[in-house]
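[1] this one's structure only:
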């Protein structure tokens with residue numbers, strides 16, 4: 001059984017804010033927020049009218065802004081803007097390996113924050129819905145995409161929550177968490 005204490009020790013890692021990017025990708029970051037004794041992960045659904053990732057289930061985050069001091073600041077700022085949750089740098093326990101989006105050309109660095117509780121969240125215009133998903137049963141829904149064309153470029157997995165399919169970069173981030181637990 002996964003609990004927040006063992007999850008924190010498993011996912012804790014030193015932060016490396018350097019991004020190796022050869023210029024092909026736009027740089028972005030996300031924050032994987034996990035809270036509660038029996039861990040719950042926060043994810044969002046993007047509105048259908050968005051330019052990138054319309055209707056997709058994802059983690060709060062976005063592209064590096066010129067005003068951000070570093071890529072971690074991007075994830076913290078975007079989380080605050082998108083869902084109204086303020087996470088401090090010292091609440092970030094680690095990071096996962098970067099992932100790329102195949103269609104929109106982003107290189108995403110995922111950071112992880114594991115906290116005891118969160119306040120009521122409020123979505124901005126970049127978020128259609130906020131999901132609070134029990135982590136352990138969610139990770140058990142992983143399926144490997146049978147489409148071999150995806151596997152040529154990058155491993156493809158999907159996760160399911162209430163008839164919603166999580167795929168792409170978000171699923172690759174979840175797969176990293178699943179492989180640790």
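    Alright, I've got the coordinates. None of these values were measured; they are calculated from a predicted model.

[2] tell me the contacts of residue 131?
    Residue 131 is in contact with 42, 43, 44, 45, 57, 161, 164, counting by CB atoms under 8 Å, 6 or more residues apart in numbering. Bear in mind the C-beta positions are built from the backbone N, C-alpha and C, glycine included.

[3] mark which of those residues are part of strands, please.
    Counting by DSSP state E, the contacts of residue 131 place 42, 43, 44, 45, 57, 161, 164 in strands.

[4] the last one: how many residues sit nearby?
    Using other CB atoms under 10 Å, residue 164 has 15 other residues around it.

[5] beta-bridge partners for it, please?
    residue 161 (DSSP bridges).

[6] tell me, what's the model's pLDDT at it?
    Looking at residue 164, its pLDDT reads 86.

[7] same check on the second one?
    Reported pLDDT at residue 43 in the predicted model: 97.

[8] ranges for the helices of the chain?
    Along the chain, counting by DSSP state H, helices occupy 4-11, 71-83, 135-139, 148-153, 168-180.

[9] give me the buried subset of the contacts of residue 131.
    42, 43, 44, 45, 57, 161 (16 or more other CB atoms under 10 Å).
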